[in-house]
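Peer 1: Sharing a model prediction with you, sequence too.
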Amino acid sequence: MADREDEDLEMAIRMSMHHAPPDPKRSKPRHSSVAVGVVSGTPEESVEAKSRRIKRELMAAAAEKRMAAVATSRSNLLSAGKGGSEIGRREEEERMTSAMRNSPSASKGGGVVGRRKEKEGEGLMSVEEANKLFVIVFGSEVSKEILAQWSNQGIRFSSDPDTSMGLVQHEGGPCGVLAAIQAFVLKHIIFFHDELKDVLAMARNQGMGTTVKSQSLPSNNFSSPAEGVKVSALVRSMGEILFMCGSNERAVIATLSILGSDIQKSDEIPMDEVIAETLSGLSIESALDLQKILRVETYTSQATALKRLQAIIPIFHSRMGALLFLISALLSRGLDLVQTDRDDPSLPLVTAPFGHASQEIVNLLLCGQAVPNVFDGKMDLGEEMFLKGISQHVEVGFLTLLESLNFCKVGQYLKCPKWPIWVVGSESHYTVLFALDTSVQNENELEERESQIRKAFDAQDQSGGGGFISVEGFYQVLRETNIKLPQEKLEHLCSTGFIVWSEFWQVILDLDKSSGGLKDSSGLMGKKVFDLYHFNGIAKSDLTGSHVNVRGEAPLQRPRLTKLSVSVPPRWTPEKFMADAAVSSASSANDSSSKDTEVSKPEPSQHAPLVDCIRTRWPRAVCSWSGDPPSIV
């Protein structure tokens, strides 16, 4: 078979020396200029070079024809098979494997394509599957601009030193995918850095990969981790999301068939450049275009999946990266289940007219289900109709400006995630808010104490909600809550024969904590003071002008990382408490702490739309920052 194909190729080459065929491999943009690809002053192509070029083109066309035939054959088998469909599938996969191995594009050459490895499950998508996927994501009518946005966004870290832990966005639309991945990347960099170091050390000892460099993460600068730490965090994050979408049973990885099964680094050309060159001229304008380039691999072993992701991470760095990862997540969940998750499966996941990621996409990547709502559980509309929300606790959460505008209500599952990291949604963009300390999510100690005392007081209230109790009941409250009042206070409260809650509560506020009250020696009176960080991955001009290049040209286009100082008063303090109260005593517990010294200097309250998002999580929070306001658009 191979000899016959070689003879056909030789004959075709001889015939084509006079009539060269058009390039069958690349799909050029429909509106490309006729001058594209013409280089002025280039000498006429030699006969030998022309022969080599035509042979490569014919070999690529033959490979593409084989893969199309395999896909058609597989589709016919699946549609014709009933009881023996599984056997037919396995036979078809074996034929596909053989075809791929015999394909010129699967042979080792050029430092790009290597010998195919066996996977737990692998195959090309059928035309029917590709059509279904395409319509679910983009709908039956989608503009070329939206398709270009989603096929020109890689999953790449920022080259700016101050934000090198962040994924940079250049195209509008895929920000929902990037922000969700970013949230998990931050989880691993901030809270699992030691594990990343162990993995990197093991990889270095075993000689795995060349991306492992330094593994130290400066304790005072989380934003500039070593390259190996970042890549490891990205791989683990992608694997975690995909297995979550696959109910922790499987992960489907969508990769590019046009690159072959393996990617081997060339000693002369960087791998990213090789992949970029391979993708040059490629455009996605239809489901058929997508079907021609996709290959899907299914894994049930997390270790194997992570190893594979590590090996092909340059593909996700490429301009197809964001789209490939979204497809991977959808296939890991299963297209039928994705449609079942949704309230209206007739709408595309990528919304018109601007091509933004829908809430369903964000929820899929945050909780593993493509539900469209952000409240907890289901909302019963009657007549067996339900609106579906978040069904379980999540690792990283979600906040939205729309809640502050009363358009929706974010439930506790998303609002209080396991780790203090939140994707933040606005009307048109997704960014990330996070903290370096899990204690920011702890409930206010004094508010918990208030709830305990009020519960004991209400249990003794026999007035029908009047807010007062008898002296006998009052003594019971003091015993249950371990409150030790000075004798004069006790006599004053009991002098009328009944105790009113408002008077009792004022005494508790003035009573020291050691006696069971709420008076805080630090002077904070239950106020929480902590730092949050906000990351906007879209590359914009640095408005401060601090990163103007040496030639004095325009400011650098870069993502933004903003540190916010946050103060949250207890819910029972006066509204003016945060604006008027000095916090100079906050550092008294540890004067040597530079952080406490910084906190001791009150900042004026500042406002931006992000503050409204923060207040949906911490009501009445007061925020301040240096420089330009943090942007969520």
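Peer 2: Arrived safely, thanks for sending.
Peer 1: what about the stretch 51-200 of the chain, any weak spots by pLDDT?
Peer 2: Applying pLDDT under 70 to the stretch 51-200 of the chain picks out residues 51-122, 197-200.
Peer 1: let's see it at 50
Peer 2: In the predicted model, the stretch 51-200 of the chain carries pLDDT under 50 at residues 63, 66-67, 69-118.
Peer 1: Now do the strands in the stretch 201-350 of the chain.
Peer 2: Residue ranges of the strands in the stretch 201-350 of the chain, as given by DSSP state E, counting those that start in this stretch, are 251-256, 294-299, 350-351.
Peer 1: so can I have TSV of the ones you listed showing mean neighbour count, mean pLDDT and distance to residue 420?
Peer 2: The way it works is simple: take the backbone N, C-alpha and C, and place the C-beta from them, glycine included. Conversion of the strands of the stretch 201-350 of the chain to TSV gives the following (neighbours: other CB atoms under 10 Å; pLDDT from 0 to 100; distance: least, CB to CB, whole Å):
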stretch	mean neighbour count	mean pLDDT	distance to residue 420
strand 251-256	24	95	26
strand 294-299	21	94	30
strand 350-351	22	94	29
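Peer 1: Out of those, which is closest to residue 181?
Peer 2: Nearest to residue 181, of all the strands of the stretch 201-350 of the chain, is strand 251-256, at 14.3 Å by CB to CB.
Peer 1: and the closest one, which strands flank it?
Peer 2: Partner strands and pairing direction for strand 251-256 (DSSP bridges) are strand 294-299 (antiparallel).
Peer 1: re the thing from before, which among the strands of the stretch 201-350 of the chain is found nearest to residue 369?
Peer 2: Distances from residue 369 to each of these were compared using CB to CB; the minimum, 15.5 Å, belongs to strand 251-256.
Peer 1: Keeping just the C-alphas, turn that closest one into CSV.
Peer 2: The C-alpha atoms that make up strand 251-256 are tabulated as CSV, following Å, rounded to 0.1, in the frame of the first residue of the first chain:
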residue,chain,number,x,y,z
ALA,A,251,-10.8,14.2,31.5
VAL,A,252,-11.0,14.8,27.8
ILE,A,253,-8.1,16.8,26.3
ALA,A,254,-8.8,18.4,22.9
THR,A,255,-5.6,18.9,20.9
LEU,A,256,-4.6,19.5,17.3
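Peer 1: outside of it, which residues touch it?
Peer 2: Contact with strand 251-256 is made by 239, 242-243, 245-246, 279, 293-299, 302, 305, 308-309, 312, 315, 320, 324-325, 327-328, 331-332, as judged by CB atoms under 8 Å, 6 or more residues apart in numbering.
Peer 1: that older thread, just put the strands of the stretch 201-350 of the chain in JSON lines and tack on distance to residue 387.
Peer 2: Shown next, in JSON lines, are the strands of the stretch 201-350 of the chain (distance: least, CB to CB, whole Å):
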{"stretch": "strand 251-256", "distance to residue 387": "28"}
{"stretch": "strand 294-299", "distance to residue 387": "31"}
{"stretch": "strand 350-351", "distance to residue 387": "18"}
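Peer 1: which one of those lies closest to residue 126?
Peer 2: Comparison of those against residue 126 by CB to CB identifies strand 294-299 as nearest, at 10.5 Å.
Peer 1: on that earlier part again, which of the contacts of strand 251-256 fall in helices?
Peer 2: By the criterion of DSSP state H, membership of the contacts of strand 251-256 in helices covers 239, 242-243, 245, 279, 293, 302, 305, 308-309, 315, 324-325, 327-328, 331-332.
Peer 1: distance of residue 145 from residue 285?
Peer 2: Computed with CB to CB, to the nearest Å, the distance linking residue 145 and residue 285 is 11 Å.
Peer 1: So between the two, which is more surrounded?
Peer 2: Set side by side, residue 145 and residue 285 show unequal neighbour counts under other CB atoms under 10 Å, the larger going to residue 285 at 15 against 12.
Peer 1: my guess is the more buried one contacts residue 148, does it?
Peer 2: No - applying CB atoms under 8 Å as the test, residue 285 and residue 148 come out as separate, 9.2 Å apart.
Peer 1: burial measure for the closest residue to residue 223 other than its chain neighbours, as a count.
Peer 2: Leaving aside its sequence neighbours, residue 223 sits nearest to residue 165 (CB to CB, 6 or more residues apart in numbering; 5.1 Å). Using other CB under 10 Å as the criterion, residue 165 is surrounded by 24 other residues.
Peer 1: Would you mind giving the secondary structure of residue 165?
Peer 2: Following DSSP: H, G, I helix; E, B strand; the rest coil, residue 165 is assigned to coil.
Peer 1: How about residue 185?
Peer 2: Residue 185 is classified as helix under three-state DSSP.
Peer 1: before we move on, what about residue 564?
Peer 2: Here residue 564 is recorded as strand under three-state DSSP.
Peer 1: Could you check how many residues crowd around it?
Peer 2: Using other CB under 10 Å, residue 564 is surrounded by 23 other residues.
Peer 1: what's the answer for residue 412, then?
Peer 2: By the criterion of other CB under 10 Å, residue 412 has 12 neighbours.
Peer 1: can you tell me how far it sits from residue 131?
Peer 2: When distances are taken as CB to CB, residue 412 and residue 131 turn out to be 39 Å apart.
Peer 1: Residue 630 too?
Peer 2: With distances defined as CB to CB, the gap from residue 630 to residue 131 amounts to 42 Å.
Peer 1: more neighbours, these two?
Peer 2: Set side by side, residue 630 and residue 131 show unequal neighbour counts under other CB under 10 Å, the larger going to residue 630 at 26 against 17.
Peer 1: Isn't that one up against residue 608?
Peer 2: Yes - Residue 630 sits in contact with residue 608 when judged by CB under 8 Å, with a separation of 5.9 Å.
Peer 1: low-scoring pLDDT stretches of the stretch 451-600 of the chain, where are they?
Peer 2: 541-551, 576-600.
Peer 1: can you pull out the helices in it?
Peer 2: 471-481, 487-494, 501-510, 577-580, 594-599 (DSSP state H, counting those that start in this stretch).
Peer 1: Make sure residue 305 is actually in contact with residue 239.
Peer 2: Yes - Residue 305 lies in contact with residue 239 (CB under 8 Å); the separation is 5.4 Å.
Peer 1: biggest strand in the chain by residues?
Peer 2: In the chain, ranked by residue count with DSSP state E as the criterion, the top strand is strand 528-541.
Peer 1: what comes up buried for that strand?
Peer 2: Judged by neighbour count (16 or more other CB atoms under 10 Å), strand 528-541 contains these buried residues: 528-530, 532-539.
Peer 1: other SSEs contacting it?
Peer 2: Contact here means 3 or more CB pairs under 8 Å, 6 or more residues apart in numbering; DSSP states H and E; on that basis strand 528-541 packs against helix 175-191, strand 430-434, strand 557-568.
Peer 1: on that earlier part again, quick one, which of residue 305 and residue 239 is more surrounded?
Peer 2: Higher neighbour count among residue 305 and residue 239: residue 305, with 25 against 22, using other CB under 10 Å.
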